[in-house]
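Predicted model and sequence follow; I will ask about them next.
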Amino acid sequence: MKVLITGGAGFIGSTLASACLDEGIEPIVVDDLSTGRPEFVTGRTFYLGDIADGHLIDRVFADHPDIHAAIGCAAKIVVPESVADPLGYYDTNVTKSLAVVRHLLRNGCHRLVFSGSAAIYDSGENITEDAPLRPLSPYARTKAVFEGALEDITGGTPLRVITLRYFNPIGADPKQRTGLQTTTPTHALGVMIDRYRAGEPYPVTGADWPTRDGSGVRDYVHVWDLAAAHLAAVRRFDEVTAEPGPRYLPINLGSGTGSTVFELIAAFEEVTGEPLAHHITDARPGDVAGAYPNIDRARTLLGWSPTRTLQDGIADALAWNANRATVLRDE
Ligand SMILES: O=c1ccn([C@@H]2O[C@H](COP(=O)(O)OP(=O)(O)O[C@H]3O[C@H](CO)[C@H](O)[C@H](O)[C@H]3O)[C@@H](O)[C@H]2O)c(=O)[nH]1
(Lines give C-alpha, C1' and ligand atoms only; values in the text may rest on other atoms or scores of the structure.)
Protein backbone atom coordinates (compact mmCIF):
# COMPACT_ATOMS: atom_id res chain seq x y z
CA MET A 1 0.00 0.00 0.00
CA LYS A 2 1.13 3.57 -0.69
CA VAL A 3 0.14 6.73 1.17
CA LEU A 4 0.85 10.31 0.20
CA ILE A 5 2.15 12.38 3.13
CA THR A 6 2.24 16.15 2.63
CA GLY A 7 4.64 17.67 5.14
CA GLY A 8 6.38 14.30 5.42
CA ALA A 9 9.76 15.89 6.21
CA GLY A 10 8.48 17.54 9.39
CA PHE A 11 8.45 16.16 12.93
CA ILE A 12 5.15 14.31 12.84
CA GLY A 13 5.04 13.57 9.10
CA SER A 14 8.53 12.05 9.04
CA THR A 15 7.86 9.96 12.13
CA LEU A 16 4.66 8.74 10.52
CA ALA A 17 6.63 7.90 7.36
CA SER A 18 9.02 5.80 9.49
CA ALA A 19 6.05 3.97 11.03
CA CYS A 20 4.68 3.31 7.52
CA LEU A 21 7.99 1.83 6.39
CA ASP A 22 8.11 -0.40 9.46
CA GLU A 23 4.63 -1.69 8.54
CA GLY A 24 5.40 -2.31 4.86
CA ILE A 25 3.49 0.76 3.66
CA GLU A 26 5.32 3.00 1.17
CA PRO A 27 5.17 6.69 2.12
CA ILE A 28 5.24 9.12 -0.79
CA VAL A 29 6.42 12.42 0.68
CA VAL A 30 5.78 15.93 -0.62
CA ASP A 31 7.44 18.75 1.31
CA ASP A 32 8.90 22.16 0.48
CA LEU A 33 11.54 21.79 3.24
CA SER A 34 10.56 25.21 4.63
CA THR A 35 10.74 23.68 8.11
CA GLY A 36 11.12 19.99 7.23
CA ARG A 37 14.55 18.41 6.98
CA PRO A 38 16.21 16.78 3.97
CA GLU A 39 17.79 14.19 6.31
CA PHE A 40 14.27 13.00 7.20
CA VAL A 41 13.52 12.03 3.58
CA THR A 42 16.86 10.46 2.68
CA GLY A 43 16.20 7.13 0.97
CA ARG A 44 12.45 7.79 0.88
CA THR A 45 10.22 8.53 -2.10
CA PHE A 46 10.31 12.31 -1.99
CA TYR A 47 8.99 15.19 -4.10
CA LEU A 48 10.39 18.64 -3.28
CA GLY A 49 7.85 21.38 -3.79
CA ASP A 50 4.80 23.30 -2.77
CA ILE A 51 1.68 21.35 -1.78
CA ALA A 52 -0.44 23.82 -3.76
CA ASP A 53 1.46 23.10 -7.00
CA GLY A 54 -1.10 21.18 -9.04
CA HIS A 55 1.47 20.03 -11.62
CA LEU A 56 3.60 18.55 -8.86
CA ILE A 57 0.70 16.68 -7.27
CA ASP A 58 -0.46 15.47 -10.69
CA ARG A 59 3.05 14.12 -11.29
CA VAL A 60 3.01 12.34 -7.93
CA PHE A 61 -0.24 10.58 -8.87
CA ALA A 62 0.98 9.84 -12.41
CA ASP A 63 4.04 8.15 -10.88
CA HIS A 64 2.00 6.42 -8.15
CA PRO A 65 -1.56 5.82 -9.37
CA ASP A 66 -1.97 3.27 -6.55
CA ILE A 67 -1.88 5.80 -3.69
CA HIS A 68 -4.55 4.58 -1.27
CA ALA A 69 -4.98 7.69 0.86
CA ALA A 70 -3.49 11.10 1.54
CA ILE A 71 -2.32 12.30 4.96
CA GLY A 72 -2.18 16.07 5.32
CA CYS A 73 0.60 17.09 7.75
CA ALA A 74 1.86 20.19 5.92
CA ALA A 75 1.11 23.24 8.03
CA LYS A 76 2.54 26.19 9.89
CA ILE A 77 2.22 25.44 13.60
CA VAL A 78 3.82 28.15 15.77
CA VAL A 79 1.27 30.20 17.71
CA PRO A 80 3.29 33.44 18.27
CA GLU A 81 4.43 33.39 14.65
CA SER A 82 0.77 33.15 13.61
CA VAL A 83 0.05 36.33 15.59
CA ALA A 84 2.87 38.14 13.79
CA ASP A 85 2.04 36.70 10.35
CA PRO A 86 -1.65 35.79 10.21
CA LEU A 87 -1.81 36.10 6.44
CA GLY A 88 1.04 33.64 5.99
CA TYR A 89 -0.80 31.21 8.27
CA TYR A 90 -4.07 31.53 6.34
CA ASP A 91 -2.15 31.16 3.07
CA THR A 92 -0.59 27.84 4.08
CA ASN A 93 -3.12 26.32 6.45
CA VAL A 94 -6.24 27.32 4.50
CA THR A 95 -5.58 28.52 0.93
CA LYS A 96 -2.83 26.07 -0.02
CA SER A 97 -4.49 23.27 1.89
CA LEU A 98 -7.69 23.87 -0.09
CA ALA A 99 -5.64 23.64 -3.28
CA VAL A 100 -4.39 20.24 -2.13
CA VAL A 101 -7.98 19.04 -1.72
CA ARG A 102 -8.72 20.16 -5.27
CA HIS A 103 -5.64 18.28 -6.54
CA LEU A 104 -6.61 15.13 -4.63
CA LEU A 105 -10.14 15.17 -6.04
CA ARG A 106 -8.85 15.75 -9.57
CA ASN A 107 -6.59 12.71 -9.18
CA GLY A 108 -9.39 10.54 -7.82
CA CYS A 109 -7.99 10.37 -4.26
CA HIS A 110 -11.02 10.47 -1.98
CA ARG A 111 -9.51 9.48 1.36
CA LEU A 112 -7.84 12.22 3.44
CA VAL A 113 -6.47 11.89 6.97
CA PHE A 114 -5.91 15.43 8.18
CA SER A 115 -3.67 16.70 11.01
CA GLY A 116 -5.97 18.67 13.27
CA SER A 117 -5.13 20.36 16.55
CA ALA A 118 -6.55 20.46 20.05
CA ALA A 119 -5.75 24.19 19.94
CA ILE A 120 -9.27 24.67 18.54
CA TYR A 121 -10.88 23.65 21.87
CA ASP A 122 -11.62 25.68 24.98
CA SER A 123 -9.91 24.74 28.26
CA GLY A 124 -11.57 21.87 30.09
CA GLU A 125 -11.60 18.22 31.09
CA ASN A 126 -12.78 15.17 29.19
CA ILE A 127 -13.25 17.18 25.96
CA THR A 128 -15.20 15.25 23.33
CA GLU A 129 -15.12 15.89 19.60
CA ASP A 130 -18.53 17.57 19.87
CA ALA A 131 -17.30 20.17 22.40
CA PRO A 132 -17.75 23.78 21.26
CA LEU A 133 -14.72 25.20 19.51
CA ARG A 134 -12.85 28.22 20.86
CA PRO A 135 -9.76 28.88 18.74
CA LEU A 136 -7.82 31.66 20.46
CA SER A 137 -4.92 32.33 18.09
CA PRO A 138 -4.65 32.86 14.34
CA TYR A 139 -2.97 29.42 14.19
CA ALA A 140 -5.87 27.76 15.99
CA ARG A 141 -8.41 29.60 13.89
CA THR A 142 -6.77 28.47 10.64
CA LYS A 143 -7.15 24.90 11.88
CA ALA A 144 -10.80 25.44 12.85
CA VAL A 145 -11.61 27.25 9.61
CA PHE A 146 -10.03 24.52 7.51
CA GLU A 147 -11.83 21.80 9.45
CA GLY A 148 -15.11 23.58 8.66
CA ALA A 149 -14.15 23.79 4.99
CA LEU A 150 -13.30 20.09 4.88
CA GLU A 151 -16.61 19.17 6.47
CA ASP A 152 -18.48 21.26 3.89
CA ILE A 153 -16.45 19.78 1.03
CA THR A 154 -17.26 16.22 2.09
CA GLY A 155 -20.93 17.18 1.75
CA GLY A 156 -20.70 17.94 -1.95
CA THR A 157 -17.80 15.86 -3.33
CA PRO A 158 -16.66 12.23 -3.12
CA LEU A 159 -14.03 13.25 -0.52
CA ARG A 160 -14.16 11.66 2.92
CA VAL A 161 -12.01 12.96 5.78
CA ILE A 162 -10.78 11.76 9.14
CA THR A 163 -9.32 14.66 11.12
CA LEU A 164 -7.00 13.59 13.92
CA ARG A 165 -7.00 16.32 16.57
CA TYR A 166 -3.64 16.02 18.30
CA PHE A 167 -3.15 17.19 21.84
CA ASN A 168 0.54 17.83 22.78
CA PRO A 169 2.95 15.60 20.84
CA ILE A 170 6.18 14.67 22.62
CA GLY A 171 8.92 12.07 22.20
CA ALA A 172 10.64 10.94 19.02
CA ASP A 173 10.85 7.89 16.82
CA PRO A 174 11.93 5.18 19.31
CA LYS A 175 14.53 4.11 16.70
CA GLN A 176 15.77 7.74 16.65
CA ARG A 177 15.44 8.22 12.87
CA THR A 178 13.42 11.42 13.34
CA GLY A 179 12.50 13.89 16.07
CA LEU A 180 11.90 17.57 16.62
CA GLN A 181 14.01 19.60 14.18
CA THR A 182 14.30 22.80 16.17
CA THR A 183 17.23 23.65 18.41
CA THR A 184 15.23 26.38 20.14
CA PRO A 185 12.02 24.73 21.37
CA THR A 186 9.45 26.78 23.26
CA HIS A 187 7.15 23.94 24.35
CA ALA A 188 7.16 22.68 27.94
CA LEU A 189 9.28 19.54 27.52
CA GLY A 190 11.69 21.12 25.04
CA VAL A 191 12.44 24.00 27.41
CA MET A 192 12.76 21.51 30.27
CA ILE A 193 15.40 19.48 28.42
CA ASP A 194 17.33 22.64 27.47
CA ARG A 195 17.32 23.96 31.03
CA TYR A 196 18.23 20.57 32.46
CA ARG A 197 21.20 20.25 30.07
CA ALA A 198 22.27 23.83 30.86
CA GLY A 199 21.94 23.29 34.62
CA GLU A 200 19.47 26.17 34.87
CA PRO A 201 16.13 26.26 36.71
CA TYR A 202 13.02 25.49 34.72
CA PRO A 203 10.40 28.26 34.56
CA VAL A 204 6.89 27.11 35.47
CA THR A 205 4.93 29.72 33.54
CA GLY A 206 1.98 30.29 35.84
CA ALA A 207 0.92 28.40 38.97
CA ASP A 208 -2.49 29.86 39.77
CA TRP A 209 -4.56 28.34 37.01
CA PRO A 210 -7.85 26.67 38.02
CA THR A 211 -6.27 23.19 37.79
CA ARG A 212 -5.55 20.43 40.34
CA ASP A 213 -2.20 21.96 41.38
CA GLY A 214 -2.37 25.45 39.85
CA SER A 215 -0.04 24.75 36.90
CA GLY A 216 -1.21 24.44 33.32
CA VAL A 217 -2.66 21.10 32.25
CA ARG A 218 -1.99 19.51 28.85
CA ASP A 219 -2.35 16.06 27.41
CA TYR A 220 1.05 14.85 26.24
CA VAL A 221 0.92 12.09 23.64
CA HIS A 222 3.89 10.19 22.25
CA VAL A 223 4.52 10.91 18.56
CA TRP A 224 4.93 7.16 17.94
CA ASP A 225 1.41 6.62 19.30
CA LEU A 226 0.21 9.41 17.00
CA ALA A 227 1.86 7.62 14.08
CA ALA A 228 0.08 4.39 15.03
CA ALA A 229 -3.24 6.24 15.06
CA HIS A 230 -2.64 7.49 11.50
CA LEU A 231 -1.93 3.95 10.34
CA ALA A 232 -5.13 2.76 12.01
CA ALA A 233 -7.07 5.60 10.35
CA VAL A 234 -5.71 4.62 6.92
CA ARG A 235 -6.43 0.93 7.46
CA ARG A 236 -9.93 1.45 8.85
CA PHE A 237 -10.77 4.43 6.66
CA ASP A 238 -13.52 2.81 4.59
CA GLU A 239 -15.01 0.98 7.56
CA VAL A 240 -15.40 4.07 9.75
CA THR A 241 -16.50 6.50 7.04
CA ALA A 242 -18.81 4.12 5.15
CA GLU A 243 -22.49 4.97 4.68
CA PRO A 244 -24.44 5.65 6.82
CA GLY A 245 -21.44 6.82 8.85
CA PRO A 246 -20.15 10.39 8.73
CA ARG A 247 -18.18 11.50 5.68
CA TYR A 248 -16.30 13.92 7.96
CA LEU A 249 -14.99 12.42 11.18
CA PRO A 250 -12.93 14.28 13.81
CA ILE A 251 -11.11 12.09 16.35
CA ASN A 252 -9.20 13.22 19.45
CA LEU A 253 -5.72 11.81 20.01
CA GLY A 254 -4.26 12.15 23.47
CA SER A 255 -3.54 10.08 26.54
CA GLY A 256 -6.97 10.94 27.93
CA THR A 257 -5.74 11.87 31.41
CA GLY A 258 -3.78 15.11 31.18
CA SER A 259 -0.70 16.17 33.13
CA THR A 260 0.04 19.41 34.89
CA VAL A 261 3.42 21.11 34.60
CA PHE A 262 4.31 19.94 38.11
CA GLU A 263 3.38 16.38 37.13
CA LEU A 264 5.55 16.73 34.02
CA ILE A 265 8.44 17.85 36.24
CA ALA A 266 7.91 14.82 38.53
CA ALA A 267 7.92 12.45 35.53
CA PHE A 268 11.07 14.13 34.19
CA GLU A 269 12.79 13.64 37.56
CA GLU A 270 11.75 9.98 37.51
CA VAL A 271 13.34 9.49 34.07
CA THR A 272 16.59 11.33 34.84
CA GLY A 273 16.83 10.16 38.45
CA GLU A 274 17.71 13.71 39.46
CA PRO A 275 15.76 16.60 40.96
CA LEU A 276 14.90 19.33 38.44
CA ALA A 277 15.39 22.85 39.78
CA HIS A 278 12.42 25.03 38.89
CA HIS A 279 10.84 28.35 39.76
CA ILE A 280 7.47 29.96 39.16
CA THR A 281 7.23 32.84 36.70
CA ASP A 282 4.38 34.85 35.17
CA ALA A 283 2.11 33.09 32.71
CA ARG A 284 3.01 33.48 29.03
CA PRO A 285 0.94 36.02 27.09
CA GLY A 286 -2.17 34.35 25.74
CA ASP A 287 -1.59 31.17 27.75
CA VAL A 288 -4.53 29.03 28.88
CA ALA A 289 -5.29 26.66 31.78
CA GLY A 290 -5.47 23.82 29.28
CA ALA A 291 -7.48 20.81 28.30
CA TYR A 292 -7.42 17.08 28.08
CA PRO A 293 -9.61 14.92 25.91
CA ASN A 294 -12.02 12.08 26.01
CA ILE A 295 -10.47 9.50 23.65
CA ASP A 296 -13.35 7.02 23.49
CA ARG A 297 -13.88 7.66 19.78
CA ALA A 298 -10.27 6.76 18.93
CA ARG A 299 -10.58 3.62 21.04
CA THR A 300 -13.88 2.55 19.50
CA LEU A 301 -13.47 3.51 15.86
CA LEU A 302 -9.72 3.13 15.36
CA GLY A 303 -9.07 0.43 17.94
CA TRP A 304 -6.32 2.78 19.13
CA SER A 305 -5.15 3.70 22.56
CA PRO A 306 -1.82 5.10 23.63
CA THR A 307 0.78 2.47 24.48
CA ARG A 308 3.56 4.78 25.61
CA THR A 309 3.72 6.63 28.91
CA LEU A 310 4.66 10.20 29.71
CA GLN A 311 7.98 8.81 30.96
CA ASP A 312 8.54 7.03 27.60
CA GLY A 313 7.95 10.32 25.79
CA ILE A 314 10.40 12.16 28.03
CA ALA A 315 13.05 9.42 27.66
CA ASP A 316 12.73 9.37 23.85
CA ALA A 317 12.86 13.19 23.69
CA LEU A 318 15.99 13.21 25.87
CA ALA A 319 17.58 10.55 23.67
CA TRP A 320 16.72 12.52 20.52
CA ASN A 321 18.14 15.69 22.06
CA ALA A 322 21.42 13.84 22.60
CA ASN A 323 21.40 12.24 19.10
CA ARG A 324 20.01 15.09 17.04
CA ALA A 325 23.36 16.45 15.89
CA THR A 326 24.31 13.04 14.47
CA VAL A 327 21.12 12.92 12.34
CA LEU A 328 20.81 16.59 11.41
CA ARG A 329 24.03 17.54 9.68
CA ASP A 330 24.24 21.31 9.88
CA GLU A 331 23.62 21.81 13.59
O1 LIG B 1 8.95 27.01 29.64
C2 LIG B 1 7.79 26.62 29.80
C3 LIG B 1 6.94 26.29 28.71
C4 LIG B 1 5.66 25.89 28.98
N5 LIG B 1 5.20 25.79 30.26
C6 LIG B 1 3.83 25.37 30.54
O7 LIG B 1 3.68 24.07 30.03
C8 LIG B 1 2.35 23.88 29.54
C9 LIG B 1 2.42 23.40 28.12
O10 LIG B 1 2.97 24.41 27.29
P11 LIG B 1 3.39 24.10 25.77
O12 LIG B 1 3.96 25.36 25.18
O13 LIG B 1 4.22 22.88 25.74
O14 LIG B 1 2.00 23.69 25.05
P15 LIG B 1 0.75 24.56 24.56
O16 LIG B 1 -0.39 23.62 24.57
O17 LIG B 1 0.61 25.80 25.36
O18 LIG B 1 0.98 24.95 23.05
C19 LIG B 1 2.14 24.75 22.31
O20 LIG B 1 2.39 23.39 22.02
C21 LIG B 1 1.51 22.77 21.14
C22 LIG B 1 1.99 21.37 20.87
O23 LIG B 1 2.61 20.77 21.94
C24 LIG B 1 1.37 23.54 19.84
O25 LIG B 1 2.57 23.43 19.09
C26 LIG B 1 1.09 25.00 20.11
O27 LIG B 1 1.13 25.70 18.89
C28 LIG B 1 2.07 25.59 21.07
O29 LIG B 1 1.68 26.91 21.40
C30 LIG B 1 1.63 25.20 29.73
O31 LIG B 1 0.87 25.15 30.89
C32 LIG B 1 2.76 26.21 29.86
O33 LIG B 1 2.38 27.32 30.63
C34 LIG B 1 6.04 26.06 31.33
O35 LIG B 1 5.64 25.94 32.48
N36 LIG B 1 7.30 26.50 31.07
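Yep, it's here.

contacts, neighbours, all on C-alpha from now
Noted.

where are the low-confidence patches of the chain?
Applying pLDDT under 70 to the chain flags the ranges 330-331.

where exactly do the helices run in it?
Using DSSP state H, the helices of the chain run over 11-22, 54-63, 79-84, 86-90, 97-106, 138-156, 188-198, 223-235, 237-241, 261-272, 296-297, 310-327.

Could you check the angle the first one makes with helix 223-235?
Right, helix 11-22. Here helix 11-22 runs at an angle of 60 degrees relative to helix 223-235 (axes from the mean of the first three to the mean of the last three Cα atoms, to 10 degrees).

before we move on, what about the last one?
Direction vectors for helix 310-327 and helix 223-235, defined by the same axes, to 10 degrees, enclose an angle of 90 degrees.

Is any residue of helix 310-327 near the ligand?
No - applying Cα under 6 Å from any ligand atom, one finds helix 310-327 separated from the ligand by no less than 12.4 Å.

Can you give me the buried ones in that helix?
Using 16 or more other Cα atoms under 10 Å as the test for burial, helix 310-327 gives 310-321, 324, 327.

Also the first one?
Residues 11, 12, 13, 14, 15, 16, 17, 18, 19, 20 are the ones in helix 11-22 that count as buried (16+ other Cα under 10 Å).

In a markdown table: those, plus distance to the ligand.
Listed next are these as a markdown table, based on distance: Cα to the nearest ligand atom, whole Å:
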| residue | distance to the ligand |
| --- | --- |
| 11 | 11 |
| 12 | 11 |
| 13 | 14 |
| 14 | 16 |
| 15 | 16 |
| 16 | 17 |
| 17 | 20 |
| 18 | 21 |
| 19 | 20 |
| 20 | 23 |
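
Residue 67: which of the buried residues of helix 310-327 is nearest?
Nearest to residue 67 out of the buried residues of helix 310-327 is residue 327 (Cα to Cα; 28.9 Å).

Is it correct that that closest one is in contact with residue 175?
No - shown here, residue 327 and residue 175 do not form a contact pair, counting by Cα atoms under 8 Å, at 11.8 Å.

re earlier: could the buried residues of helix 11-22 go into TSV alongside distance to residue 224?
Formatted as TSV, the buried residues of helix 11-22 follow (distance: Cα to Cα, whole Å):
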residue	distance to residue 224
11	11
12	9
13	11
14	11
15	7
16	8
17	11
18	9
19	8
20	11
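
and the two most separated of these?
Between any two of the buried residues of helix 11-22, the greatest separation by Cα to Cα is 14.4 Å, found for 11 and 20.

Pull up the residues of this protein that are close to the ligand.
77-79, 168-169, 186-188, 191, 203-205, 216-218, 261.

Drop anything exposed from these.
79, 168, 169, 188, 203, 204, 205, 216, 217, 218, 261.

how about residue 256, phi and psi?
Residue 256 has phi and psi values of phi 90, psi 0 when expressed as degrees, to the nearest 10.

right, and it touches residue 294 too?
Yes - in terms of Cα under 8 Å, residue 256 counts as a neighbour of residue 294; the distance is 5.5 Å.

Check which residues of stretch 79-90 are buried.
Residues of stretch 79-90 classed as buried under the neighbour-count rule (16+ other Cα under 10 Å) are 79, 82, 86, 89, 90.

on that earlier part again, inside strands: which ones of the buried ones among the residues of the chain next to the ligand?
168, 169, 203, 204, 205, 217, 218 (DSSP state E).

Include distance to residue 53 when you put those residues into a markdown table, please.
Shown next, in a markdown table, are these (distance: Cα to Cα, whole Å):
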| residue | distance to residue 53 |
| --- | --- |
| 168 | 30 |
| 169 | 29 |
| 203 | 43 |
| 204 | 43 |
| 205 | 41 |
| 217 | 40 |
| 218 | 36 |
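
Can you name the two of these that sit furthest apart?
169 and 203 (20.1 Å).

closest to residue 130 out of the helices of the chain?
helix 296-297 (10.9 Å).

hang on, isn't residue 192 packed against residue 202?
Yes - here residue 192 reaches residue 202: they are 6.0 Å apart, a contact under Cα under 8 Å.

Looking only at neighbour counts, state which of the two leads.
residue 192 (26 against 20; other Cα atoms under 10 Å).

got a list of what the more buried one touches?
Neighbour list for residue 192: residue 202 [criterion: Cα atoms under 8 Å, 6 or more residues apart in numbering].

what's across from residue 115 in the sheet?
Under DSSP bridges, the beta-bridge partners of residue 115 are residue 164.

Numbering from 395 from now on, please.
Noted, 395 is the first residue going forward, which turns the last one into residue 509.

ok, it - how many residues close by?
When neighbours are counted by other Cα under 10 Å, residue 509 comes out with 21.

Please tell me how far the residue nearest to residue 643 when sequence neighbours are not counted sits from the ligand.
Once flanking residues are discounted, residue 643 sits nearest to residue 556: 4.7 Å by Cα to Cα, 6 or more residues apart in numbering. Going from residue 556 to the ligand by Cα to the nearest ligand atom, to the nearest Å gives 20 Å.

Kindly provide the distance from residue 556 to residue 510.
9 Å (Cα to Cα, to the nearest Å).

you'd agree residue 400 is up against residue 467?
Yes - with contact defined as Cα under 8 Å, residue 400 reaches residue 467; the gap is 5.5 Å.
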